[in-house]
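# coords please:
(chains A and B)
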Amino acid sequence: MLIWAAEEEHNPLLPPLGEIIIGLIAFAIVLFVMFKFVAPQFEKAFVARRDAIEGGIERAEAMQAEAKAALEQYRAQLAEARTEAAQIRDAARAEGQQIIEELRAQAQEESARILARGEEQLASSRQQVVNELRGQIGTLAVDLAGRVVGESLADDARRSGTVDRFLDDLDGMTATSSDGRGGSSVYVPQDAR
Amino acid sequence: MTSSALALGDVLAANGEGFEAPGLGEFYPETIASFSVLGVDFEITRITLILWIATLALVVFLYLASRNAKIVPSKLQFVGETGYSLVRDGIARDVVGPRGLPFAPFLASLFFFILANNLMAIIPFAQISPMSKFAFPLVLAAICWVLYIYIGIREQGVGRYFKDILFLPGVPKPMYILVTPIEILQNFVVRPFTLAVRLFANMFAGHMLLVVFSLGAVYLFQVGNYSVIFGPVSALMAIVMTFFELLVIFLQAYVFTVLMGTYLNGSIEAEH
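This next block holds a predicted model:
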């Protein structure tokens, strides 16, 4: 019957002031701890976590960009090196060509010079021979004629230039004949005109 | 001797006289100590002790969980953080609104305080929630009441806040005769009262259910006639109801916090 007695004493919807105050104090303690320690710590952890994630992403992005830039740079350098190499090759080729041309020109010049000198020498020696022969032929002919005739015609012939004229005629005859041998026993050099 | 044990004694003593159902006395255990400060009487009962144990356990748990909070949480930090995030993101941010985050610690305190006290309802040897004493839900509801009115005045200004409540915008003028009293009642009486009563009544009824089934089982095992066969049924119901109570414990803590969140949302955002 204790229970019934208790029920008559109490109205559950009319709490005593003491209990209300105790409830206030208890909740105030929880509020204090929550505001002072718990919430700031958790918020800090949340911020740190978000920063860690965002920072990680940012770092990864930065790294990727850096790698990309480096790759671009390497590519550019490679292309540059390639064009440079090609240029060097082209230049070398051109230079080689030029050297060859120069050498060829030089050689041609040299050979032409040698040829010219040879020709010159040949011509001069021929001239010498011709002159010598001419003199000897003249003397021989005059001597021969003098012996045939029996008198000395040397002075007279020299005086009148007959021998020379004859020889010049002879020269002209050999020049007009197709080969220098036909009809004449006189020696005519092969390369005479 | 706990009140339940006292009731159990009554049940056993009443052998042969019929089952004495536990009554309101469950919620008024004998006073362990009493004192008076400035004319206010304080009575320390086992429910008061349970309140303090729950509060102390909560404070210690929260402190340990949040101390050295790290990016990679420890198990304890994870548990605390999950509860805090539930309130912070699920209520302060999503229900109260974009400007609700400053209320997260308050709402989290509310949630954790109610949850810790409610959990005492099924913790052995305590087995009663201090929230089944009307004083404690009333305190929380009163704090909420003061807070959401204060925030409403701070955010919208006195005139605007009360004008919007008295004369709901977008309502035809003649309807104010009907709407204005309802709104006044709703905002200043019904809200805090339902907030307190919902929590109190749920915990009160939950405790009564558990006690009735538990004592019923004991009684049925004691009577010594054919009704013994109903004993296991009653015991089973007590166990089932304990799990149901666990659901109610979480639900009521959450509902109280969510409702406070919607009230704060109404105070912060001008349009109703």
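# for the rest of this, base every contact and every neighbour count on C-alpha atoms.
Will do.
# and the lengthiest helix in chain A, is it in reach of chain B?
Of all the elements of type helix in chain A, the one with the most residues (DSSP state H) is helix A:39-149. Yes. Between helix A:39-149 and chain B, judged by C-alpha under 8 Å from any C-alpha of the partner chain, the touching residues are A:39, A:41, A:42, A:44, A:45, A:46, A:48, A:49, A:52.
# show the contacting residues for the last one.
The contact partners of residue A:52, taken as C-alpha atoms under 8 Å, 6 or more residues apart in numbering or on different chains, are residue B:71.
# what's the spacing between it and residue B:76?
Applying C-alpha to C-alpha, to the nearest Å, the value for residue A:52 to residue B:76 is 21 Å.
# what pLDDT does residue A:167 get?
On pLDDT, residue A:167 comes in at 75.
# distance between the helix or strand where it lies and the chain's centre?
Element membership for residue A:167, per DSSP states H and E: helix A:162-176. How far helix A:162-176 lies from its chain's middle: 66 Å, per C-alpha atoms, centre = their mean, to the nearest Å.
# do stretch B:96-111 as well
Offset of stretch B:96-111 from its chain centre (C-alpha atoms, centre = their mean): 18 Å.
# OK, contacts around the closest residue to chain A within the stretch 151-272 of chain B?
In the stretch 151-272 of chain B, the residue that lies nearest chain A is residue B:197 (8.8 Å; C-alpha to the nearest C-alpha). By C-alpha under 8 Å, 6+ apart, the contact list for residue B:197 reads B:134, B:137, B:138.
# let's see it at 10 Å
If you count contacts by C-alpha atoms under 10 Å, 6 or more residues apart in numbering or on different chains, residue B:197 has them with A:13, B:131, B:132, B:134, B:137, B:138, B:141, B:191, B:203, B:204.
# got a winner among the residues you listed for most neighbours?
residue B:131 (29 neighbours; other C-alpha atoms under 10 Å in any protein chain shown).
# in whichever helix in chain B runs longest, which residues are buried?
Longest helix of chain B, by residue count under DSSP H: helix B:231-268. Within helix B:231-268, the residues scored as buried using 16 or more other C-alpha atoms under 10 Å in any protein chain shown are B:231, B:234-235, B:237-238, B:241-242, B:245, B:248-250, B:252-268.
# do the same with stretch B:132-148
In stretch B:132-148, counting by 16+ other C-alpha under 10 Å, buried: B:132-142, B:144-145, B:147-148.
# residue contacts, the nearest residue to residue B:71 once chain neighbours are set aside?
Leaving aside its chain neighbours, residue B:71 sits nearest to residue A:49 (5.0 Å; criterion: C-alpha to C-alpha, 6 or more residues apart in numbering or on different chains). By C-alpha under 10 Å, 6+ apart, the contact set of residue A:49 is A:43, A:55, B:70, B:71, B:72, B:73.
# please pick the buried ones from the residues you listed.
Using 16+ other C-alpha under 10 Å, the buried ones in the contacts of residue A:49 are A:43, B:70, B:71, B:73.
# kindly reformat the residues you listed as JSON lines containing secondary structure.
Formatted as JSON lines, the buried ones among the contacts of residue A:49 follow (DSSP: H, G, I helix; E, B strand; the rest coil):
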{"residue": "A:43", "secondary structure": "helix"}
{"residue": "B:70", "secondary structure": "coil"}
{"residue": "B:71", "secondary structure": "coil"}
{"residue": "B:73", "secondary structure": "coil"}
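# relative to residue B:159, which of these is nearest.
residue A:43 (35.3 Å; C-alpha to C-alpha).
# how near is the closest one to residue B:104?
In terms of C-alpha to C-alpha, residue A:43 sits 10 Å off from residue B:104.
# so, low pLDDT: which residues of the stretch 1-150 of chain B?
Within the stretch 1-150 of chain B, the segments meeting pLDDT under 70 span B:1-19.
# mind checking pLDDT for the spatially most central residue of chain B?
For chain B, residue B:199 is the residue whose C-alpha lies nearest the centre (C-alpha atoms, centre = their mean; 4.1 Å). Listed pLDDT for residue B:199 reads 91.
# ok, residue A:141 next?
80.
# surely it meets residue A:163?
Yes. The criterion here is C-alpha atoms under 10 Å, and residue A:141 meets it with residue A:163 at 7.9 Å.
# out of the contacts of residue A:49, which two sit at the greatest distance?
Spatial extent of these (C-alpha to C-alpha) is set by the pair A:55 and B:73 at 18.5 Å.
# do a quick rundown of the helices in the stretch 51-200 of chain B.
Taking DSSP state H, counting those that start in this stretch as the test, the helices found in the stretch 51-200 of chain B are B:75-87, B:104-119, B:135-156, B:158-166, B:176-185, B:191-223.
# how about the fourth one as CSV, C-alpha atoms only?
As requested, C-alpha coordinates have been extracted for helix B:158-166 and formatted as CSV (Å, rounded to 0.1, in the frame of the first residue of the first chain):
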residue,chain,number,x,y,z
VAL,B,158,11.6,41.8,-31.9
GLY,B,159,8.9,43.3,-34.1
ARG,B,160,9.4,41.2,-37.1
TYR,B,161,9.6,37.9,-35.1
PHE,B,162,6.5,38.5,-33.1
LYS,B,163,4.6,40.0,-36.0
ASP,B,164,5.3,37.0,-38.2
ILE,B,165,4.1,34.7,-35.4
LEU,B,166,1.0,36.7,-34.6
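# before we move on, the earlier item: check the helices of the stretch 51-200 of chain B for me and report the most buried one.
helix B:104-119 (a mean of 25; mean count of other C-alpha atoms under 10 Å in any protein chain shown).
# now do that helix: which elements does it pack against?
Helix B:104-119 makes packing contacts with helix A:17-33, helix A:39-149, helix B:46-66, helix B:75-87, helix B:135-156, helix B:191-223, helix B:231-268 when contacts are defined by 3 or more C-alpha pairs under 10 Å, 6 or more residues apart in numbering or on different chains; DSSP states H and E.
# try it again at 8 Å.
Judged by 3 or more C-alpha pairs under 8 Å, 6 or more residues apart in numbering or on different chains; DSSP states H and E, the packing partners of helix B:104-119 are helix A:17-33, helix B:46-66, helix B:75-87, helix B:231-268.
# could you check the angle helix B:46-66 makes with it?
130 degrees (axes from the mean of the first three to the mean of the last three C-alpha atoms, to 10 degrees).
# which residue packs closest to residue B:252, ignoring adjacent ones?
residue B:199 (6.1 Å).
# how much space separates the one you found from residue B:90?
Taken as C-alpha to C-alpha, the span from residue B:199 to residue B:90 is 20 Å.
# okay then, goodbye and thanks.
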